[in-house]
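Colleague: 3D, please:
(2 chains)
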Amino acid sequence: MKGYRKYFGKKIIWFFVTFVAAVILNFILPRLMPNDPVAAITARQAEGLSEVSSVKKIYDTYAEQFGTNKPLHIQFWMFIKNAAKGDFGLSFSQYPRPVLDIINSSIWWTICLQFPAIIVGWILGNLLGALAAYIRKGFDKVVMPACLLASSTPAFGMAVILLVIFAIELKIFPTAGGYAHNMIPNASWEFFASVIRHYQLPFWSIVIIAIGGQAIGMRSMSIYELNADYVKYSRFLGIKDRKIVRYVFRNAMLPQITGLALSLGTMVGGALVAEIIFSYPGLGTSILQAVTMADYPLLSATTLIITLMVLTATFIIDIVYGFIDPRVKAAQYDI
Amino acid sequence: MKHTLRQVFHSSKFVTGFVIFSFILLLIIIYPLIVPGDPLEMIGLGTFFKPGIYVSVYDGLNSELHTLKLSDAAQKRIENVLSAEDRASMLDWLKAVGIPVEDIDIKDTEKLLTVWWENYDPSIRPEGITKAMRNYYERINKRLESIKKAEDIIIADVNSETGELVEKTVITGTDYINVGDVANVRILPLGTDNFGRDVLKELVSAAKTSIFIGLIAGCIATFIGLTLGLLAGFVGGIVDDIIMFFTNTFTSIPSFVILILISYSIGQDQRGATTVAIVIGCTAWVWTCRSVRSQVMSLRNRDHVNLSRLSGHSLIRIILTDILPYIASYVVMALILQISSAILAEAQLSLLGLGPKTTEVPTLGLMMNWAMLYSAHIKGSWWAYFPVIFMIALISFSLNLMNTGLDQVFNPTLRD
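Modeller: Coordinates of the predicted model:
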């Protein structure tokens, strides 16, 4: 247990360090931007007003409200204090709606869409890759280029292609949104059915791409393991093929788990853009809105939440990995 | 070196990828020579013209007329004019007057017309068809008849003195012109986009910019990653700790998020293609750094390196002569992957509205962004977005294929 404690302790410390770094980056970067968002919001509010002093007054009121007139370090402490309470300020674009409210209404859409899709894609991809490595011959010749092509297609490209084929040409699935636009979210069966129907296309577009990437990785890992000395030795000893294959794939799976932890960020990024294509009510659409409306409290909060999501998921994968791979425990004793 | 290259070009995967990529490069170089002009010039007034050959009507009227007697001309004209809706409505009318459905085939224009002319009679008032609908059928019928008879079209000039129309030419149904005689013919192989630009020309130029962005970003990322990885792996100690601290932090924070934040902070006006490339490059080095470091660490205590160190060679010389050649193949592969992921990153940024400034150059991401903003996919204008997706996929497919091929050459365990 001591070995595990050391491993987990290290992982937890890293989790906090990266989290702090992420918070600092999230605060600093949007505030470096040259155009003043408060001026933009004032311009919208003060439309038609020609008197300079009253425009100035409106500007000052907003600057005070968003805290943009204070020095950076005070703004930073305000940001930290408020963020800890879950208060990300008021959105510029949907003023005076709180940012937290916007995020609350979109985050579950993203979580429920992306994580199941990535996990399903990962599992199917690994199965396919392992099969391709084991069967080889014709199967591999077909599957391998197909997977390479799928993983080369950008997530939004796959989204558009699926959208055009299944929603616009065949009209099997709806074209946009998370649920039918004439519905109000409630706990009825009709609403649930509508959500499921809207869920299919974004889900599969993410899954197909994940399958491609994972299958390629798993295939080469498996081939590598299949050529390893212990496999040759086991064959020599007369151990059944089926048993060897089980060992091989267990060994090949381990790097794939770390691989998932490392590529999670990239996959989430691609999937966020795919959300935009479907106008899915998730965080991707919120980012687009924040960018187009120069809404930096919203952008800062959304990116922070996404970072936190990815960090947590990576952390969980690391913990699971620690339990699965006995070498992790052994390595901690060595040092 | 020569031997390695020969080996690399024996890998079928690498060669396939290389051929595709060279083809794209050739297209980028040669196409602008054949069809010169500004790729952002808005030639079409209107959005999303279909791909095809556009012939100037004005010049066509002034060209020499030839008479060709073609028996199926009227037939083709009708086929072209009858929309799917018209056909469906004709079917409704025929059904309403009691024609068995088996006799009607709305796909086969000739049959449909025979049945229609046999049975249509404006005086009949079938049940369930309103007056408005009857008028509509009369209009269809009239149009069909006028096409069938091939009524002449008169081209007239306005007499400048009296303001009367003066007959200039009469065009009959059997008049033809040779396309070669028409002065202005424009081929738009992929139609036009929402701004009325030639999509193919724009696509070629966009691919050029995107590959340029990929190259710049890939080189920057590889350079930073390689330098830091070499330092961390070879020097070790506190240098390694500091570099690894940053590397670990930036691996966990999705680079996409940092990319969004930086691009947003730079602001629309400052974001040229080069700036975007630099930003992408500066956020993408983490991968290369990590793997270079681990490779260098395994090399650090090899005998030849130790020998070099004992001989008193400088750090730079050891790295250049004893370490770099061993990881060169790996660095090339990393560079290829960086290029392809940078092209993808630019496209994703542009879709969020954070791509390069829109007035200067087209990029693949910007083209995609425009097509989506003007909902080309909902309007069925496939030529505005599909070639773009295809181009991105093709570029990154060819690069990935080259990478897989190299991997198999340099890692013998992966060979088939």
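
Colleague: Low-confidence stretches in chain A?
Modeller: Within chain A, the stretches with pLDDT under 70 are A:1-3, A:30, A:32-38, A:40-50, A:65-67, A:328-335.

Colleague: One more: the stretch 1-150 of chain B?
Modeller: For the stretch 1-150 of chain B, no range has pLDDT under 70.

Colleague: As a check, name the ranges of all strands in the stretch 51-200 of chain B.
Modeller: Counting by DSSP state E, counting those that start in this stretch, the stretch 51-200 of chain B has strands at residues B:52-55, B:66-67, B:153-158, B:165-171, B:175-176, B:185-188.

Colleague: Would you reformat these as CSV and include mean neighbour count and distance to residue B:34?
Modeller: Backbone N, C-alpha and C define where each C-beta goes, glycine included. Below are the strands of the stretch 51-200 of chain B laid out as CSV (neighbours: other C-beta atoms under 10 Å in any protein chain shown; distance: least, C-beta to C-beta, whole Å):
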stretch, mean neighbour count, distance to residue B:34
strand B:52-55, 14, 16
strand B:66-67, 10, 30
strand B:153-158, 11, 35
strand B:165-171, 11, 34
strand B:175-176, 14, 29
strand B:185-188, 14, 11
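
Colleague: for chain B, longest helix please?
Modeller: helix B:199-230 (DSSP state H).

Colleague: Which strands and helices lie in contact with that one?
Modeller: Helices and strands touching helix B:199-230, as assessed by 3 or more C-beta pairs under 8 Å, 6 or more residues apart in numbering or on different chains; DSSP states H and E, comprise helix B:12-34, helix B:273-283, helix B:286-300, helix B:324-351, helix B:364-373, helix B:382-410.

Colleague: Nearest to residue A:282 among those helices would be which one?
Modeller: For the helices and strands packed on helix B:199-230, proximity to residue A:282 was assessed by C-beta to C-beta; helix B:324-351 is nearest, at 14.8 Å.

Colleague: Of all the residues in that closest one, which ones are buried?
Modeller: B:327, B:329-331, B:333-351 (16 or more other C-beta atoms under 10 Å in any protein chain shown).

Colleague: ok, residue B:117 - how many residues close by?
Modeller: Neighbourhood size, residue B:117 [other C-beta atoms under 10 Å in any protein chain shown]: 12.

Colleague: swap that for residue B:388, sorry
Modeller: For residue B:388, using other C-beta under 10 Å, the count is 33.

Colleague: I figured it hits residue B:200, correct?
Modeller: No - using C-beta atoms under 8 Å, residue B:388 makes no contact with residue B:200, being 11.2 Å away.

Colleague: hmm, back to that, tabulate the helices and strands packed on helix B:199-230 (TSV), appending distance to chain A.
Modeller: TSV is the format used below for the helices and strands packed on helix B:199-230 (distance: least, C-beta to the nearest C-beta, whole Å):
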stretch	distance to chain A
helix B:12-34	9
helix B:273-283	11
helix B:286-300	8
helix B:324-351	5
helix B:364-373	7
helix B:382-410	4
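
Colleague: Just say which of the ones you listed is most tucked in.
Modeller: Highest mean neighbour count among the helices and strands packed on helix B:199-230 (mean count of other C-beta atoms under 10 Å in any protein chain shown): helix B:364-373, with a mean of 25.

Colleague: What mean pLDDT does the helix or strand that comes right after it get?
Modeller: Going down the chain from helix B:364-373, the next helix or strand is helix B:376-379, by DSSP states H and E. For helix B:376-379, the mean per-residue pLDDT is 85.

Colleague: Quick one: residues contacting residue B:92.
Modeller: residue B:129 (C-beta atoms under 8 Å, 6 or more residues apart in numbering or on different chains).

Colleague: distance of it from chain A?
Modeller: In this view, residue B:92 and chain A are 22 Å apart by C-beta to the nearest C-beta, to the nearest Å.

Colleague: Does residue B:182 touch residue B:58 like I think?
Modeller: No - the criterion here is C-beta under 8 Å, and residue B:182 misses it with residue B:58 at 9.3 Å.

Colleague: The two: who's more crowded?
Modeller: residue B:182 (17 against 10).

Colleague: Chain neighbours aside, what residue packs nearest to the more buried one?
Modeller: residue B:59 (4.7 Å; C-beta to C-beta, 6 or more residues apart in numbering or on different chains).

Colleague: So what's the residue count around the one you found?
Modeller: 14.

Colleague: Wait, it touches residue B:184, no?
Modeller: Yes - if you go by C-beta under 8 Å, residue B:59 and residue B:184 touch, sitting 5.1 Å apart.

Colleague: circling back to that earlier point, tell me the mean pLDDT over the longest helix of chain B?
Modeller: Mean predicted lDDT for helix B:199-230 stands at 93.

Colleague: now the angle from the helix or strand just after it to helix B:273-283?
Modeller: Downstream of helix B:199-230, the first helix or strand assigned by DSSP H and E is helix B:237-252. Per axes from the mean of the first three to the mean of the last three C-alpha atoms, to 10 degrees, the angle that helix B:237-252 makes with helix B:273-283 is 120 degrees.

Colleague: Touching helix B:237-252 from outside, list them.
Modeller: A:14, A:17-18, A:21-22, A:262, A:265, A:310-311, A:314, B:228, B:231-233, B:258, B:283, B:286-287, B:289-290, B:293.

Colleague: In PyMOL, how would I select the buried members of these?
Modeller: In PyMOL syntax, the buried subset of the contacts of helix B:237-252 is picked out as below (16+ other C-beta under 10 Å):
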select buried, (chain A and resi 14+18+21+22+262+265+310+311+314) or (chain B and resi 228+231+232+233+258+283+286+287+289+290+293)
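
Colleague: and residue A:81, how many residues sit next to it?
Modeller: 10.

Colleague: what's near enough to touch residue A:318?
Modeller: Residue A:318 touches A:11, A:261, counting by C-beta under 8 Å, 6+ apart.

Colleague: Can you say which helix or strand has it in it?
Modeller: Residue A:318 belongs to helix A:296-324, assigned by DSSP H and E.

Colleague: May I see the buried residues of that helix?
Modeller: Buried residues in helix A:296-324 (16+ other C-beta under 10 Å): A:296-307, A:309-311, A:313-315, A:317-318, A:321-322.

Colleague: Name the helix or strand for the most centrally placed residue in chain A, please.
Modeller: The centroid of chain A falls nearest to residue A:268 when counting by C-alpha atoms, centre = their mean (2.5 Å). Per DSSP H and E: residue A:268 is located in helix A:241-277.

Colleague: tell me the angle that helix makes with helix B:324-351.
Modeller: 40 degrees.

Colleague: Sort out which residues of helix A:241-277 are buried, please.
Modeller: A:244-245, A:248-249, A:251-253, A:255-257, A:259-277.

Colleague: hang on, the earlier thing: helix B:273-283 and the longest helix of chain B, what's the angle between them?
Modeller: Using the same axes, to 10 degrees: helix B:199-230 against helix B:273-283 is 30 degrees.

Colleague: roughly how far out does helix B:199-230 sit from the chain middle?
Modeller: Chain-centre distance of helix B:199-230: 18 Å, with C-alpha atoms, centre = their mean, to the nearest Å.

Colleague: buried ones in it?
Modeller: B:199-222, B:224-230.

Colleague: Output the contacting helices and strands for the helix or strand where residue A:236 lies.
Modeller: Following DSSP H and E, one finds residue A:236 within helix A:229-237. Where contact means 3+ C-beta pairs under 8 Å, 6+ apart, helix A:229-237 is packed against helix A:241-277.
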